[in-house]
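**Student:** Build the 3D model from these lines:
(one chain, ligands or ions: 1)
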Amino acid sequence: MEQQILRKQFLRHVAQTSPSPLMIEVAKAEGCFFYTPEGKRYYDLVAGVSVNNVGHANPKVIEAVQKQAAEYMHIMVYGEMVEKPQVTYARRITELLPDPLDCVYFLNSGSEAVEGALKLAKRHTGRHEMIGMRRAYHGSTQGSMSMMGNPEGCTWKNAFMPLLPGIKSITFNRWEDLEEITEHTACVLVEPVQGEAGVRLPEKGYLQALRQRCDETGAMLIFDEIQTCMGRTGEMFALQKYGVIPDIVCVAKAFGGGMPLGAFIASHAVMQDLSDQPSLGHITTFGGHPVCCAAGLAALDYLTENKVVESVETKGALYEQLLQGHPQVKEIRRSGLLMAVELGDSGKMYRMMELFKEAGILSDWFLFCDTAFRISPPLIITETEIRESSRLIWECLERL
Ligand code: PLP
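**Tutor:** Modelled structure (predicted):
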């Protein structure tokens, strides 16, 4: 009874993003699982959309959050006070990145990271034309949404027109489109692995060619690593995996270790453009909240101390090996533990979501690809858990 009231209140008082929310009540979460109040266990194969890389209720993260919350939380707007968790995290994360990416602007989310990066590119180049990729998702604020897909074919974007002017779309991996990048282009925004397009990997040399074209034209290259950062693809950052250094990299999701945290990272020299003429041209109240930075830092420590990232490729390959033989599976696209299992049919995919729910699995589809389901579990998933969850997925596939 109490639960029914809660569900009713959820639908009535909590703003909804779609007419069909999952409606699973969560009582607790641990490792790769979450549980309902009745004790039903779910395999979390979404990880909050590539957020919970170190697993739910990670003790290191809990300890860091509790400690920092007890010491101090919000004091003053971002950029004014010297807060140790923020400084330490900025230093640690930039030590992991190649030169010249050595300066972090902290925000609260992925969308905000993209917004900041776009503004920085405009300020730095003095240009305003910006190029995004078709079937790219960068967030739901108006700037980040402007960079999504192409206007003709994008339901989400069309519903909110007019958005930012001067945006062009090109197609990921279509090499001839690189000619669209010119001396008028302020920046090109790209996910090194397109997530919501249904896990699309860059063709060999494509990101290098993109880098080269940006260098020729003076356009800034921005990587959206919001879904790929913190080990998801088998390297701490996908830019390391694909060997290309952008001018700006956007991070969020797993960057906060389960807490809301985003950032864009560039060279100190480039970043200076946001701090003067005008000063305060980009500001945030909560960006880089000390508790979120402490959580992100603890998650990073956990990843490195336990060599979690080193195990990601093997784990992804095991999933692939266990699932690829099923006749319903048409293709598996994968970078580390970011995986799309292609069924080739949206009806089948939606049916799988129902079967998954019954079987105690949380999966999801992709914004621009509803014929495939997602496997992106916490990176700490064990071999036994991979085998068991694959068996459950296999049983669902059998019932299709
Ligand atoms: N960029 C990518 C690649 C994403 O996957 C997302 C969220 O799914 C975002 C940006 C937006 O992040 P947020 O929801 O934190 O604003």
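**Student:** List the buried residues in stretch 347-367.
**Tutor:** 349, 352-353, 355-357, 359, 361-363, 365-367 (16 or more other C-beta atoms under 10 Å). In this view, the C-beta of every residue, glycine as well, is placed from N, C-alpha and C.
**Student:** And the strands in the stretch 151-300 of the chain?
**Tutor:** For the stretch 151-300 of the chain, strands defined by DSSP state E, counting those that start in this stretch occupy the ranges 167-170, 185-190, 220-224, 248-251, 262-266.
**Student:** between the longest one and strand 220-224, how big is the angle?
**Tutor:** Right, strand 185-190. Going by axes from the mean of the first three to the mean of the last three C-alpha atoms, to 10 degrees, strand 185-190 is angled at 20 degrees with respect to strand 220-224.
**Student:** Excluding its own residues, what touches strand 185-190? List them.
**Tutor:** With contacts defined as C-beta atoms under 8 Å, 6 or more residues apart in numbering, strand 185-190 is touched by 114, 117-118, 121-122, 125, 127-133, 136, 138, 147, 170, 172, 181, 207, 210, 214, 217, 219-224, 247-248.
**Student:** With the last one instead?
**Tutor:** When contacts are defined by C-beta under 8 Å, 6+ apart, strand 262-266 is touched by residues 93-94, 97, 100-101, 103-114, 116-117, 120, 222, 226, 247-252, 255-256, 287-288.
**Student:** check those residues against the ligand, which are close?
**Tutor:** S109, G110, S111, V114, I226, A252 (C-beta under 6 Å from any ligand atom).
**Student:** Burial check on the residue in the stretch 101-250 of the chain positioned nearest to the ligand, number of neighbours?
**Tutor:** Residue nearest to the ligand within the stretch 101-250 of the chain: G110 (2.2 Å; C-beta to the nearest ligand atom). G110 sits with 29 neighbouring residues when counted by other C-beta atoms under 10 Å.
**Student:** again, but for F264
**Tutor:** Neighbour tally, F264, other C-beta under 10 Å: 31.
**Student:** same check, this time on T94
**Tutor:** T94 has 18 neighbours, counted by other C-beta under 10 Å.
**Student:** Can you classify it by secondary structure?
**Tutor:** The three-state label given to T94 by DSSP: H, G, I helix; E, B strand; the rest coil is helix.
**Student:** Would you mind confirming that it makes contact with P100?
**Tutor:** No: between T94 and P100 there is no contact under C-beta atoms under 8 Å: 9.7 Å.
**Student:** thinking again about what came up before, what is the most widely separated pair among the buried residues of stretch 347-367?
**Tutor:** A359 and L367 (23.9 Å; C-beta to C-beta).
**Student:** which residue is nearest the middle of this protein?
**Tutor:** Geometric centre of the chain, nearest residue: Q227, 2.1 Å, by C-alpha atoms, centre = their mean.
**Student:** For the protein, list the residues in contact with the ligand, please.
**Tutor:** Counting by C-beta under 6 Å from any ligand atom, the chain sits next to the ligand at 49, 109-111, 114, 137-139, 191, 195-196, 224, 226-227, 252.
**Student:** mind running it again at 5 Å?
**Tutor:** S109, G110, S111, H138, G139, G195, D224, I226, Q227, A252 (C-beta under 5 Å from any ligand atom).
**Student:** pLDDT at the second one, what is it?
**Tutor:** As predicted, G110 sits at a pLDDT of 98.
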